[in-house]
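Visitor: Below is the sequence, then the predicted model.
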Amino acid sequence: MTKRNKKCLVIDKRNHLGGNVYCEEQEGINVHKYGAHIFHTNDKRIWDYVNQFAEFNNYINSPLSLSKGKLYNLPFNMNTFYQLWGTKTPEEARDIINKQIAKYGTKSPKNLEEQALSLAGKDIYETFIKEYTEKQWGKKAKELPAFIIKRLPVRFTFNNNYFNDKYQGIPIGGYNVIINGLLKGIDTKTNIDFFEDREQLELLADTIVYTGKIDEFFDYKYGQLEYRSLRFENELLGIDNFQGNAVVNYNDASYDFTRIIEHKHFEFGTQDKTIITREYPEAWDRSKEAYYPINNDENQKLFKKYKAESQTLKNVILGGRLAEYRYYDMHQIIASSLAKVEEISSNSNE
């Protein structure tokens with residue numbers, strides 16, 4: 001029973017609950033099974049909401065970037081610029097960036113490469129963006145739309161905190177603590193494929209909340225949307241510290257993976273072993289998990305057809321990255337979900 005006295009059944013196609021934030025405990029380490037998840041928000045209401053389920057540590061995301069054998073700090077800041085050019089003042093760094101933008105940039109970028117050159121110059125683009133992005137999306141930077149990079153955070157301070165948000169951290173004990181708190185008193189079933197028994201499952205509920213792929217929900221009637229998939233390779237190592245940081249990006253095309261996650265560092269672990277995960281971007285097909293929508297013009301046109309049809313449905317709510325075909329951070333999807341609850345409650349009281 002929910003807080004609003006509604007009966008609820010949550011089903012999951014996988015053999016566990018929690019979606020992509022699910023953590024798997026191994027050797028006393030909470031392994032982020034589907035990639036690194038770092039909670040951050042500026043919204044105190046959202047922060048207070050998640051803190052009712054779990055206590056958060058004070059983890060600050062400060063990833064490193066490996067390019068041509070050299071490590072750099074992220075996001076782009078004065079530490080990065082010193083490592084890249086030896087500059088020691090904001091004025092020196094600004095001067096180099098502005099000169100490169102003037103030389104290589106364009107006022108009307110037509111693709112991602114032109115956009116990046118116009119925002120940050122040649123050195124930053126070639127060192128940090130080009131090869132990493134091409135691995136991530138499986139396309140040349142010149143083939144990717146400019147809007148993928150709407151802005152590049154460039155800081156002229158010595159600050160390695162990746163996020164500017166006031167509230168950030170990792171739930172102590174992993175994200176399963178939050179999932180278990182959210183689902184307390186709720187009926188749940190795993191290893192259930194909605195589409196294999198759709199008719200019977202739909203009869204169980206007055207309202208359906210669907211978070212899977214929107215094109216699959218409509219049986220791909222207008223065509224198939226494109227997604228990017230990921231493959232994760234875990235390795236247990238008999239040492240207590242592999243890379244000294246939770247996240248290290250591998251920019252070069254010579255590496256098939258985009259980053260290595262060392263999970264124990266999310267919770268400041270002191271175990272005598274460590275677990276690392278190499279993250280490989282992959283082309284998606286229906287046999288694989290979809291992680292990222294590919295929001296180019298063609299896909300957006302197709303998505304609009306599905307969205308228009310979804311708005312004609314009664315008692316069906318489509319939400320999340322796949323159902324709304326857009327990128328969401330965790331705090332954004334919580335805000336969206338809470339807003340939808342308030343909307344439904346308000347309409348039911350009218």
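Guide: Thanks, I have it.
Visitor: Could you check the pLDDT of E350?
Guide: Note on E350: pLDDT of 56.
Visitor: again with S346
Guide: For S346, the model assigns a pLDDT of 76.
Visitor: residues making contact with whichever strand or helix holds it?
Guide: In the assignment (DSSP states H and E), S346 maps to helix 330-348. The contact list for helix 330-348 (Cβ atoms under 8 Å, 6 or more residues apart in numbering) reads 4, 21, 37, 39-41, 43, 46, 49-50, 165, 317, 319-321, 328. C-betas here are computed from N, CA, C, even on glycine.
Visitor: Could I have the buried ones of those residues as ChimeraX selection syntax?
Guide: Per 16 or more other Cβ atoms under 10 Å, the buried members of the contacts of helix 330-348 correspond to this ChimeraX selection:
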select :21,37,39,40,41,46,49,50,317,320,321
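Visitor: Report how many residues lie close to the closest residue to L64 other than its chain neighbours.
Guide: Take L64 and drop its neighbours on the chain: the residue closest to it by Cβ to Cβ, 6 or more residues apart in numbering is V248, 4.7 Å away. Using other Cβ atoms under 10 Å, V248 has 19 other residues around it.
Visitor: Could you do the one 10 residues further on as well?
Guide: Burial of T258 is recorded as 18 neighbouring residues (other Cβ under 10 Å).
Visitor: Which parts of the stretch 101-250 of the chain are helices?
Guide: Under the criterion DSSP state H, counting those that start in this stretch, the stretch 101-250 of the chain carries helices at the ranges 112-120, 122-124, 130-137, 176-182, 198-204, 214-217.
Visitor: which residues does the residue nearest to P90 when sequence neighbours are not counted contact?
Guide: Distances taken as Cβ to Cβ, 6+ apart place F156 nearest to P90, at 3.7 Å, with adjacent residues excluded. F156 sits next to 77-78, 90, 93-94 when contact means Cβ under 8 Å, 6+ apart.
Visitor: Same question for F158.
Guide: With Cβ under 8 Å, 6+ apart, F158 has these contacts: 77-79.
Visitor: re the thing from before, what is the nearest of the contacts of helix 330-348 to L66?
Guide: H37 (21.8 Å; Cβ to Cβ).
Visitor: how about the closest one, what does it touch?
Guide: 20-21, 175, 330.
Visitor: Tally up the residues packed near L9, please.
Guide: L9, neighbours per other Cβ under 10 Å, totals 12.
Visitor: go on, L144?
Guide: What L144 shows, counting by other Cβ under 10 Å, is a neighbour count of 22.
Visitor: And it, how far from T80?
Guide: 23 Å (Cβ to Cβ, to the nearest Å).
Visitor: quick one, strands of the stretch 201-350 of the chain?
Guide: Using DSSP state E, counting those that start in this stretch, the strands of the stretch 201-350 of the chain run over 208-210, 227-237, 247-250, 259-262, 274-283, 292-293, 316-318.
Visitor: Packing partners of the fourth one?
Guide: If you count contacts as 3 or more Cβ pairs under 8 Å, 6 or more residues apart in numbering; DSSP states H and E, strand 259-262 packs onto strand 247-250, strand 274-283.
Visitor: Would you mind saying which of those strands lies nearest C8?
Guide: strand 274-283 (32.4 Å).
Visitor: Point out the other elements, helices or strands, that the closest one touches.
Guide: Against strand 274-283 (3+ Cβ pairs under 8 Å, 6+ apart) you get strand 29-32, helix 130-137, strand 227-237, strand 259-262.
Visitor: So for it, mean pLDDT?
Guide: For strand 274-283, the mean per-residue pLDDT is 98.
Visitor: Show the contacting residues for I11.
Guide: If a contact means Cβ under 8 Å, 6+ apart, then I11 has 188-190, 192, 194, 201 as its contacts.
Visitor: One more: R151?
Guide: Taking Cβ under 8 Å, 6+ apart, we find R151 in contact with L119.
Visitor: Could you rerun that using 10 Å?
Guide: By Cβ atoms under 10 Å, 6 or more residues apart in numbering, the residues touching R151 are 115, 119-120.
Visitor: which one of these is nearest E27?
Guide: Looking across these and measuring by Cβ to Cβ, the closest to E27 is A120, at 40.2 Å.
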